[in-house]
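1. My questions are about this predicted structure, shown below with the sequence.
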Amino acid sequence: MKIFLTTLLCACTLAFSAQAQKTVTLEDIWTDNTFAPKRIDAIRSANDGEHYFVLENNRAIARFNLTTGLRVSELLDLSGIPNSPIERIDNYYMSPNERKILLTTKTQQVYRRSFDADFMSYDLETQTFQPISTRGKQRLATFSPNSQHVGFVQDNNLFFLDLQSNTETQVTTDGKRNHIINGTTDWVYEEEFGFTQGFHWSPGSDKIAFLRFDESDVKEFSMTMWGELYPTEYRYKYPKAGEDNSLLTLHVYDLKTAQTVAVPLTGYHDYYIPSFGWTTDNNEVFFMVMNRHQNQLDINVYNTQTQAIRTIYQETNQAYIDVPELIFTADKFIITSEKEGYNQIYEYAKSGQLIKKLTPENYDVTAVYGFDERNGRVYFQAAKHSPMHRDICWVNVDRRAPRVTVISPETGTNRAIFSRTYKYFVNTHMSAHTAPKYTLHDANCRLLKVLEDNAELNQKFEEYNFVEKTFGTIKNAVGDDMPYWIMRPKELVPGKKYPLLMYQYSGPNSQQVVDNYRNDCFWYQMLVAEGYIVVCVDGRGTGGKGEAYRKSVYLQLGKYETEDQIFAARHFGSLDFIDESRIGIWGWSYGGFLSTLCILKGNDVFSMAMAVAPVTSWRYYDNIYTERYMRKPSENADGYDDNSPINFVDMLQGAYLLVHGTADDNVHFQNAIDLAAALNNAGKHYDFYVYPNGNHGIGGGRIRLHLYQKMTDFIRKNL
């Protein structure tokens with residue numbers, strides 16, 4: 001349940017002139033893509049740092065000049081190839097020597113990040129295609145650094161193909177679905193540690209480090225898939241809170257000797273390896289090890305020649321540690337840590353000795369883009385000016401007293417893609433008032449070219465009577481500043497009281513009160529035009545404000561988040577233009593968990609709530625996520641039960657809508673079924689809507705439109 005789960009929330013409203021005449025419809029948002037911005041996707045920097053590659057219309061790949069933005073050459077165009085073996089390019093990867101392109105086609109999604117596809121190598125010199133395998137779809141096909149091999153995973157086994165001889169080598173043979181995984185990750189690692197690449201080539205291309213998951217003892221979860229005469233069962237391994245994980249081992253395969261060696265993990269028990277790879281040394285594998293509570297972190301380096309392991313970094317925390325960003329150079333490493341209260345950047349010698357802290361101020365670093373060794377600069381993204389903004393910055397590691405320089409051009413949310421040489425970057429800027437704008441800059445932020453400004457879309461906004469989203473803070477019961485945004489009609493009728501709809505997600509380290517743009521938020525514009533006021537509040541546990549604020553909910557997920565939403569509802573309900581008897585709240589996933597708790601524990605404040613795909617008991621959710629914040633149920637039973645909506649159904653008084661997809665592999669349909677059973681036993685009346693075979697995102701075809709029509713009708717009837 002990551003930030004992906006917040007894609008169904010609002011993050012944008014636009015303030016424009018009052019000349020607008022049109023009214024937003026649900027079809028505008030969910031089927032006609034009226035407000036979808038133009039994007040620049042699949043940008044790849046060329047090795048020379050002066051050019052970049054772009055995938056065009058899933059049919060062609062072209063080279064562009066960075067400084068001019070002009071298209072200078074075409075590498076591949078399927079339209080001009082008679083009898084092309086592929087019809088569509090889903091994605092592409094340049095070989096390190098830029099003489100070949102790895103193409104993906106006929107992609108089939110597996111889980112959130114994983115997919116199977118037909119991978120094809122295209123030789124730019126001979127203009128010929130070479131399938132990576134003819135035995136079925138592959139996963140994670142990756143060029144070796146010398147561009148001579150492609151590693152890939154197929155049927156839970158690791159392989160590599162010699163592109164010159166077209167010889168395939170099978171590295172592992174014991175892969176079996178729901179038992180052994182080689183070279184990629186299991187479901188819970190993919191979902192909670194956010195990676196699927198379970199193998200990495202050494203810098204010299206002569207070795208492969210890979211993970212092996214033995215999930216034989218992990219319990220299976222089954223989902224019924226409807227639509228056939230006899231429905232089928234989909235079964236996969238899903239370790240719930242307190243249950244067994246996969247047994248994980250790390251291995252190194254040597255291409256020269258065709259031998260595999262297991263990295264010794266003596267002294268570790270019930271551990272995670274949330275990140276691994278190679279240092280700049282061809283004989284050194286680094287790997288992070290976390291204990292099950294995720295409050296102890298070791299970074300180790302394994303020497304493939306001596307088979308010795310040395311620990312270069314250790315960290316402990318009273319609550320938990322987020323997986324750090326890590327960059328190795330020949331003699332040092334750069335790492336992020338929140339050990340001093342905010343997520344900051346530190347420089348260490350490769351021996352493990354701290355050199356200095358690179359970011360001296362109190363704000364959260366939210367992404368690290370890379371290290372320019374030639375100029376000694378670390379480039380990163382941070383909430384430097386405020387928690388609701390994102391700035392692009394650099395800091396020079398060679399200064400005795402590091403100083404951070406902001407290079408993003410405008411206030412709002414900025415994201416960067418740097419060239420290989422860090423000489424240029426493409427900046428994506430957006431705000432609550434503007435659609436995404438893509439601009440090219442040099443490393444000191446001098447504007448070189450506007451690549452896409454979405455001017456047509458910004459002009460289109462003027463045709464609608466959009467209201468302005470305004471930001472502010474209110475203090476909660478213990479004096480914390482809680483950021484919020486509010487959307488309300490431009491002209492309030494004197495003496496009229498308006499119904500209030502609150503939206504929140506509230507999950508640990510998430511943020512919804514951010515100055516950015518999302519093309520799925522126009523639903524709120526539609527509701528405001530109908531006379532509703534919409535508010536979003538980031539209470540305790542959310543991100544951007546340092547460690548103390550986000551970890552204040554540790555061991556008690558739902559307690560303080562619910563208190564803060566109830567407090568905020570009372571605050572806004574006290575305003576003279578809001579009807580305190582008509583306050584509703586809604587959310588998706590973690591937000592559905594919170595909205596459900598709010599209408600139960602805050603039944604004197606909320607008259608309506610909607611919950612889409614909610615967690616209803618943390619005992620049902622996966623162990624990596626849940627135990628990070630709650631520890632095991634056997635260690636913290638009260639923390640699990642004191643805020644499970646299932647245990648408070650007798651408190652329901654207002655109108656409640658529960659929505660869930662039956663094929664949700666993330667937050668299982670079990671959560672909704674058990675809550676519904678408890679509500680029934682308590683004699684409570686509510687609305688329950690099911691999406692057959694719907695996953696956690698509940699989309700596809702006209703399904704999203706159907707869902708939002710359902711919620712809109714529920715709001716109109718009950719708020």
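-> In hand now; what should we look at?
2. quick one, helices of the chain?
-> Here the chain has its helices, by DSSP state H, at 26-30, 187-192, 455-461, 522-529, 547-550, 559-573, 590-601, 623-630, 637-641, 670-681, 703-718.
3. for those, which one ends up most surrounded?
-> Of the helices of the chain, the one with the most neighbours on average (mean count of other CB atoms under 10 Å) is helix 590-601, at a mean of 28. Backbone N, C-alpha and C define where each C-beta goes, glycine included.
4. can you list the helices of the chain in a markdown table and add distance to W278 and mean pLDDT?
-> Output for those, formatted as a markdown table (distance: least, CB to CB, whole Å; pLDDT from 0 to 100):
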| stretch | distance to W278 | mean pLDDT |
| --- | --- | --- |
| helix 26-30 | 45 | 93 |
| helix 187-192 | 19 | 97 |
| helix 455-461 | 43 | 86 |
| helix 522-529 | 46 | 94 |
| helix 547-550 | 31 | 96 |
| helix 559-573 | 40 | 98 |
| helix 590-601 | 36 | 98 |
| helix 623-630 | 25 | 98 |
| helix 637-641 | 40 | 97 |
| helix 670-681 | 41 | 98 |
| helix 703-718 | 42 | 97 |
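5. and the ones you listed as JSON lines, adding distance to N283?
-> Shown next, in JSON lines, are the helices of the chain (distance: least, CB to CB, whole Å):
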{"stretch": "helix 26-30", "distance to N283": "53"}
{"stretch": "helix 187-192", "distance to N283": "26"}
{"stretch": "helix 455-461", "distance to N283": "52"}
{"stretch": "helix 522-529", "distance to N283": "55"}
{"stretch": "helix 547-550", "distance to N283": "36"}
{"stretch": "helix 559-573", "distance to N283": "48"}
{"stretch": "helix 590-601", "distance to N283": "43"}
{"stretch": "helix 623-630", "distance to N283": "31"}
{"stretch": "helix 637-641", "distance to N283": "45"}
{"stretch": "helix 670-681", "distance to N283": "48"}
{"stretch": "helix 703-718", "distance to N283": "51"}
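6. Run the chain-centre distance for stretch 183-203.
-> 15 Å (CA atoms, centre = their mean, to the nearest Å).
7. Kindly check the end-to-end length of that stretch for me.
-> Chord length of stretch 183-203, first to last residue, is 18 Å (CA to CA, to the nearest Å).
8. Could you list the single helix or strand in the protein with the lowest mean pLDDT?
-> For the chain, counting by mean pLDDT, DSSP states H and E, helix 455-461 ranks last in confidence among helices and strands (a mean of 86).
9. Could you report the neighbour count for L247?
-> Residues near L247, counting by other CB atoms under 10 Å, number 14.
10. need the contact list for it.
-> Neighbour list for L247: 213-215, 217 [criterion: CB atoms under 8 Å, 6 or more residues apart in numbering].
11. looking at the sheet around it, what are its partners?
-> The residues listed as beta-bridge partners of L247 by DSSP bridges are D214.
12. Could you double-check that R403 sits in contact with W394?
-> No - in this structure R403 lies outside contact range of W394 using CB atoms under 8 Å: 9.9 Å.
13. Looking at these two, which is more packed in?
-> Between R403 and W394, counted using other CB under 10 Å, the more crowded position is W394 (22 against 11).
14. can you pull the contacts of that one?
-> By CB under 8 Å, 6+ apart, the residues touching W394 are 372, 377-380, 404-405, 407, 443.
15. how close does the nearest residue to T173 once chain neighbours are set aside get to V218?
-> Nearest non-adjacent residue to T173, counting by CB to CB, 6 or more residues apart in numbering: N157, 6.4 Å away. Remark: distance between N157 and V218 (CB to CB, to the nearest Å) = 19 Å.
16. Please say which of the two ends up with more neighbours.
-> Between N157 and V218, V218 has the larger neighbour count (other CB under 10 Å), namely 24 against 18.
17. Torsion angles phi and psi at the more buried one?
-> Here is the backbone geometry of V218 (degrees, to the nearest 10): phi -80, psi 130.
18. Local confidence estimate at the nearest residue to it once chain neighbours are set aside?
-> Spatial nearest neighbour of V218, chain neighbours left out: K237 (4.2 Å); criterion: CB to CB, 6+ apart. pLDDT recorded at K237 is 97.
19. Could you give the number of residues near K237?
-> Counted with other CB under 10 Å, residues neighbouring K237 total 22.
20. Check I334 too.
-> By the criterion of other CB under 10 Å, I334 has 22 neighbours.
21. That one: what's it in contact with?
-> I334 touches 325-327, 345-348, 358, 368, 371, 378, 397, counting by CB under 8 Å, 6+ apart.
22. do R139 as well
-> Going by CB under 8 Å, 6+ apart, R139 touches 110, 114-117, 152-154, 184, 196.
23. mind running it again at 6 Å?
-> Listed by CB atoms under 6 Å, 6 or more residues apart in numbering, the contact set of R139 reads 116, 153, 184.
24. now swap in I486 and tell me
-> I486 makes contact with 470, 535 under the criterion CB under 6 Å, 6+ apart.
25. hmm, try it at 10 Å
-> 13, 467-472, 500, 533-537, 572, 575 (CB atoms under 10 Å, 6 or more residues apart in numbering).
26. Likewise for N156?
-> When contacts are counted by CB under 10 Å, 6+ apart, N156 touches 139, 172, 174-184, 212-213.
27. Quick check: PyMOL command selecting the buried ones in those residues.
-> Buried residues within these, by 16 or more other CB atoms under 10 Å, are selected in PyMOL with:
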select buried, resi 139+172+175+179+180+181+182+183+184+212+213
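28. Out of the contacts of N156, name the ones that lie in strands.
-> Among those, the residues falling in strands (DSSP state E) are 139, 180-182, 212-213.
29. Throw these into a markdown table and include distance to G507 and pLDDT, thanks.
-> Listed next are these as a markdown table, based on distance: CB to CB, whole Å; pLDDT from 0 to 100:
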| residue | distance to G507 | pLDDT |
| --- | --- | --- |
| R139 | 29 | 97 |
| I180 | 32 | 98 |
| I181 | 27 | 98 |
| N182 | 32 | 98 |
| R212 | 31 | 98 |
| F213 | 26 | 98 |
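30. if we can go back for a sec, could you say what helices and strands the least confident helix or strand of the chain packs with?
-> Here helix 455-461 is seen to pack against strand 434-442 when contacts are counted using 3 or more CB pairs under 10 Å, 6 or more residues apart in numbering; DSSP states H and E.
31. about what we covered before: relative to V171, how far out is the residue nearest to T173?
-> Going from N157 to V171 by CB to CB gives 7 Å.
32. Spit out the contact partners of C598.
-> 502, 504, 506, 558, 561-566, 569, 583-587, 605-606, 609, 611, 645.
33. my guess is K437 meets S431, correct?
-> Yes - counting by CB atoms under 10 Å, S431 is a contact partner of K437 at 9.4 Å.
34. Now list whatever residues contact both of those two.
-> The contact sets of K437 and S431 overlap at 410, 412, 517 (CB under 10 Å, 6+ apart).
35. How about the second one, nearest residue that isn't a chain neighbour?
-> Ranked by CB to CB, 6+ apart and with sequence neighbours excluded, the top spatial neighbour of G412 is S431, at 3.4 Å.
36. still on that earlier bit, so what sits against both of N157 and V171?
-> 182-183.
37. what about the closest residue to K137 other than its chain neighbours, how many residues close to it?
-> Nearest residue to K137, sequence neighbours excluded (CB to CB, 6+ apart): D116, at 3.9 Å. Here the count is done by other CB under 10 Å, and D116 has 18 residues near it.
38. Could you do the one 10 residues further on as well?
-> A total of 10 residues lie near T126 under the criterion other CB under 10 Å.
39. now do E580
-> 15.
40. Provide a list of residues in contact with the closest residue to it other than its chain neighbours.
-> Excluding the flanking residues, the one nearest E580 by CB to CB, 6+ apart is G573, at 3.4 Å. G573 makes contact with 497, 500, 579-583, 605-606, according to CB under 10 Å, 6+ apart.
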